[in-house]
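Participant: the following block contains a protein sequence and its predicted model.
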Amino acid sequence: MKHYANVMRHYASFQGRASRAEFWWFNGVLFALLLIALGIDKTVIAPGGEGMGPLVLLIELAHALPAITVTVRRLHDTDRSGWWFLLNFTGIGMLVVLAFVLLQGSEGANRFGPAPTAPGPQTAAGGAFAAAPATPPQPATTGTLAEIERLAALRDAGSLSEAEFQALKANALTRDMRS
């Protein structure tokens with residue numbers, strides 16, 4: 001579910017990269033939502049009705065842009081331009097795009113950004129944020145400043161929310177005061 005939530009949080013962002021897990025979890029959850037909506041449409045809202053019901057239409061409309069953006073970011077992960085997405089509008093092109101999203105992403109950073117599975121702050125089960133990965137010993141002030149700048153860059157790139165940034169910044173400042 002975290003991958004689905006991440007795609008929905010970045011619903012209009014064509015920047016960056018999406019892992020295979022993020023892409024397939026989003027599409028799996030979307031498929032499940034559409035099946036549930038179809039069942040509700042056919043049994044409760046419009047029993048015996050032909051075609052697509054209003055609930056299915058609503059879910060498809062709500063997920064159209066996120067589905068496009070996660071596919072573009074998935075193409076970025078394979079070091080391809082998002083313009084390849086337009087092949088979906090041709091018959092055989094859909095198979096080409098499917099083949100691209102099935103491929104493993106580029107190792108390390110590519111022209112679209114760092115790898116989506118790169119280590120970074122993770123959300124713990126209790127909702128608190130885990131400490132950033134340990135770094136080699138540095139003078140406290142320089143290390144803290146560098147850590148806050150790194151966190152700000154992650155926030156600006158959309159990898160961290162403002163709340164995550166504030167929590168990790170407070171954590172870094174607290175560590176600095178203890179040392």
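Facilitator: Perfect, thanks for sending it. Numbering: from 1, shown residues only.
Participant: could you chop the protein up by domain?
Facilitator: Recorded structural domains for the chain (assignment: automatic domain parsing) are 2-102, 140-178.
Participant: buried stuff in stretch 82-93?
Facilitator: Of all the residues in stretch 82-93, those buried under the rule 16 or more other Cβ atoms under 10 Å are 82, 84-85, 87. For glycine as for every other residue, the C-beta is placed from the backbone atoms N, C-alpha and C.
Participant: convert the C-alpha atoms of it to CSV, please.
Facilitator: The C-alpha trace of stretch 82-93 is given here as CSV (Å, rounded to 0.1, in the frame of the first residue of the first chain):
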residue,chain,number,x,y,z
GLY,A,82,8.5,9.6,-20.9
TRP,A,83,7.5,10.3,-24.5
TRP,A,84,7.6,6.5,-25.1
PHE,A,85,4.3,6.5,-23.2
LEU,A,86,2.6,7.8,-26.4
LEU,A,87,3.1,4.3,-27.9
ASN,A,88,0.2,3.2,-25.8
PHE,A,89,-2.1,4.9,-28.3
THR,A,90,-1.0,2.5,-31.1
GLY,A,91,-1.8,-1.2,-31.3
ILE,A,92,1.6,-2.8,-31.0
GLY,A,93,3.0,0.1,-29.0
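Participant: so for that stretch, mean pLDDT?
Facilitator: In this model, stretch 82-93 has an average pLDDT of 91.
Participant: low-confidence ranges, the protein, go.
Facilitator: 49, 118-142, 176-179 (pLDDT under 70).
Participant: number of residues surrounding residue 109?
Facilitator: Counted with other Cβ atoms under 10 Å, residues neighbouring residue 109 total 11.
Participant: residues contacting it?
Facilitator: Contact analysis of residue 109 by Cβ atoms under 8 Å, 6 or more residues apart in numbering lists residue 115.
Participant: do the same with residue 11
Facilitator: Shown in contact with residue 11 (Cβ under 8 Å, 6+ apart): 65-66, 69.
Participant: go again with 10 Å.
Facilitator: With Cβ atoms under 10 Å, 6 or more residues apart in numbering as the criterion, the residues that contact residue 11 are 62-70.
Participant: residue 155 against residue 168, yeah?
Facilitator: Yes - between residue 155 and residue 168 there is a contact under Cβ atoms under 10 Å: 9.1 Å.
Participant: before I go, just wanted to say thanks for your time.
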